[in-house]
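A.B. asks: Predicted model and sequence below, questions to follow.
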Amino acid sequence: MYISRLALDHFRSWDACVLDFDQGINILQGKNGLGKTNIVESIEVLATGSSQRVTSTLPLIQRGSTTAVVRANVVEHADEKLRGSAGNDSHAAGASPTTLEMSIHARGANRMRVNAGHSLMMKDVQGLVSCVSFTPQDQHLVTEDPAARRVFLNQAGMQLDGHYGEILQRTRHIAQQRVALLKQLGRNGQYHGEAFGQGFVSDDAGADAGALSQSSQAAALSGLEVWTGQFIDAGVELTRRRKAVIDALNETFPEIYQRLSGKPTLPDQADAHLEYRPSFSEVLDQEHPHESISAHFERIFKGEMARGFNLIGPQRDDVEFMLNGFPAREYASNGEQWTLAIALKMSLYQALVRERGSEPIIVLDDVFAQLDEQRRAQIIHFASQQHQVLITVAAASDIPEFADAHIIDIQQVYDKNQYDSTMFEAMIQAQAIHRPNEQPSGDEQIEGEAEASR
């Protein structure tokens with residue numbers, strides 16, 4: 001798999017940007033602040049529907065715009081293009097590109113079009129592009145809070161499991177509905193019972209004009225019970241799918257870490273592995289965990305209502321890096337943390353190859369300046385064997401030695417974008433100057449008459 005052309009509209013810092021890529025190694029060179037990372041980030045977003053850098057897609061939209069668009073020509077069988085004629089727009093028979101267009105909206109759901117077809121939900125077209133990104137923040141996956149690891153887990157699940165996105169979206173929606181009811185109940189009363197719908201007592205409801213009536217309180221509790229049941233069902237399914245993702249990564253993670261570190265495996269001990277720590281831990285040891293999870297919710301209901309959010313659920317899951325039987329975030333050295341992070345991304349690559357039968361696009365975003373010589377050499381060796389690799393570097397001295405690498409000067413791309421934007425503004429202004437000679441539209445005529453009447 002590879003991308004032959006990428007176009008951005010109002011994505012991050014880019015008004016507009018069009019880039020042609022080759023198979024093999026593509027190096028995006030330019031000083032910091034030009035938007036190199038934004039370019040490769042768009043490919044990650046196209047593949048997974050999200051970015052490791054942000055918790056929502058809203059920051060991906062250029063300031064002052066309401067929609068960002070990412071377009072890409074994707075060729076599935078890279079080896080067939082090698083037999084075609086030269087040039088980025090030449091494709092052998094059977095390897096014609098698929099054009100993907102993703103629209104990211106400030107309000108409303110993000111959408112995707114395939115070959116200019118109907119607008120589709122992202123969950124319906126996930127997996128059309130696969131991508132593995134190596135970034136300077138990867139080390140934080142080992143050491144920082146669980147949120148970053150959940151983002152990675154969701155991105156991996158979106159690419160490995162065709163139904164993961166749908167389940168994730170449903171779980172999030174149900175969780176939001178449940179939180180809304182918890183906050184509503186928390187503002188209007190106090191819970192004193194042992195089960196949903198029992199023992200709800202109003203706190204001076206008559207003094208609060210916004211307080212729920214007794215019947216409304218009962219309805220809210222009944223609704224909460226329904227949403228809780230749905231949250232358990234969706235959460236159990238999502239937990240099982242996440243467990244499957246971790247199992248797929250663990251197929252190669254220990255061996256890859258051992259190879260990268262050069263250390264022998266300790267006797268009777270897996271040198272490195274991933275442990276999934278789900279909030280719904282009952283899923284790991286019970287075939288039918290729903291009743292146990294429901295009882296857990298009943299025990300913590302007073303605390304949930306007081307705080308106004310879900311105290312348990314997939315939104316609190318975590319993944320632990322284990323090294324020689326100990327948590328790596330507490331015991332691993334800086335070098336070991338980097339090796340674990342690189343092994344994680346390489347194990348995702350291997351899982352995608354097994355699942356999809358084709359190699360994902362590899363992104364190396366400013367990683368060479370962060371790594372020592374040994375790990376630089378390991379990444380370079382890995383990259384040299386891939387169908388397509390996109391590398392960002394700030395300085396020429398950071399460019400690794402690759403034969404036949406396609407060098408893209410981002411300064412030139414940036415300057416062209418600035419020039420095109422200036423010319424576009426000039427055209428708009430020129431049209432505005434000459435418009436008095438044109439017949440005004442109905443709306444303009446109305447506005448003109450309204451102005452004249454003042």
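C.D. replies: Here it is on my side, so go on.

A.B. asks: tell me the pLDDT at the closest residue in space to Arg170 that isn't next to it in sequence?
C.D. replies: Nearest non-adjacent residue to Arg170, counting by CB to CB, 6 or more residues apart in numbering: Ala234, 5.1 Å away. In this view, the C-beta of every residue, glycine as well, is placed from N, C-alpha and C. Note on Ala234: pLDDT of 98.

A.B. asks: Then Gly162?
C.D. replies: 91.

A.B. asks: correct me, but the residue nearest to Arg170 touches Gln169?
C.D. replies: No: using CB atoms under 8 Å, Ala234 is not in contact with Gln169, being 9.6 Å away.

A.B. asks: Flag the shaky bits of this structure, pLDDT-wise.
C.D. replies: Across the chain, the ranges flagged by pLDDT under 70 are 77-95, 189-212, 264-270, 403, 419, 421-454.

A.B. asks: So Ala234 and Gln169 - more neighbours on which side?
C.D. replies: Taking neighbours as other CB atoms under 10 Å, Ala234 and Gln169 compare with Ala234 leading, 21 against 16.

A.B. asks: ok, for the residue positioned nearest the centre of the chain, nearest residue in space, not its chain neighbours?
C.D. replies: Nearest to the mean C-alpha position of the chain, counting by CA atoms, centre = their mean, stands Ser50 at 2.3 Å. In space, and not counting its chain neighbours, Ser50 is closest to Gln155: 6.2 Å by CB to CB, 6+ apart.

A.B. asks: now swap in Leu249 and tell me
C.D. replies: Of all residues not flanking Leu249 in the chain, Ser347 sits nearest, at 4.6 Å (CB to CB, 6+ apart).

A.B. asks: Pretty sure the one you found sits in a helix.
C.D. replies: Yes: under DSSP: H, G, I helix; E, B strand; the rest coil, Ser347 falls within a helix.

A.B. asks: mind listing what's buried in the longest helix seen in the chain?
C.D. replies: Looking across the chain with DSSP state H, the single longest helix is helix 214-250. By neighbour count on 16 or more other CB atoms under 10 Å, the buried set for helix 214-250 is 217, 220-221, 223-225, 227-228, 230-232, 234-239, 241-242, 245-246, 248-250.

A.B. asks: Same check on stretch 413-420?
C.D. replies: For stretch 413-420, the neighbour count (16+ other CB under 10 Å) marks Val413, Tyr414, Asn417 as buried.

A.B. asks: what do you get for stretch 141-149?
C.D. replies: Neighbour-count burial for stretch 141-149 flags Leu141, Val142, Thr143, Ala148, Arg149 (criterion: 16+ other CB under 10 Å).

A.B. asks: okay but the last one is in contact with Thr143, surely?
C.D. replies: Put plainly, it is Arg149. No: Arg149 is not in contact with Thr143 according to CB under 8 Å; the separation is 10.4 Å.

A.B. asks: can I assume Ser65 is in contact with His10?
C.D. replies: Yes: judged on CB under 8 Å, Ser65 makes contact with His10 at a distance of 4.0 Å.

A.B. asks: between those two, who's got more neighbours?
C.D. replies: His10 (19 against 14).

A.B. asks: show me what contacts that one?
C.D. replies: Contacts for His10 were tallied using CB atoms under 8 Å, 6 or more residues apart in numbering; they are Ala16, Ile61, Gln62, Ser65, Thr67, Ala68, Val69.
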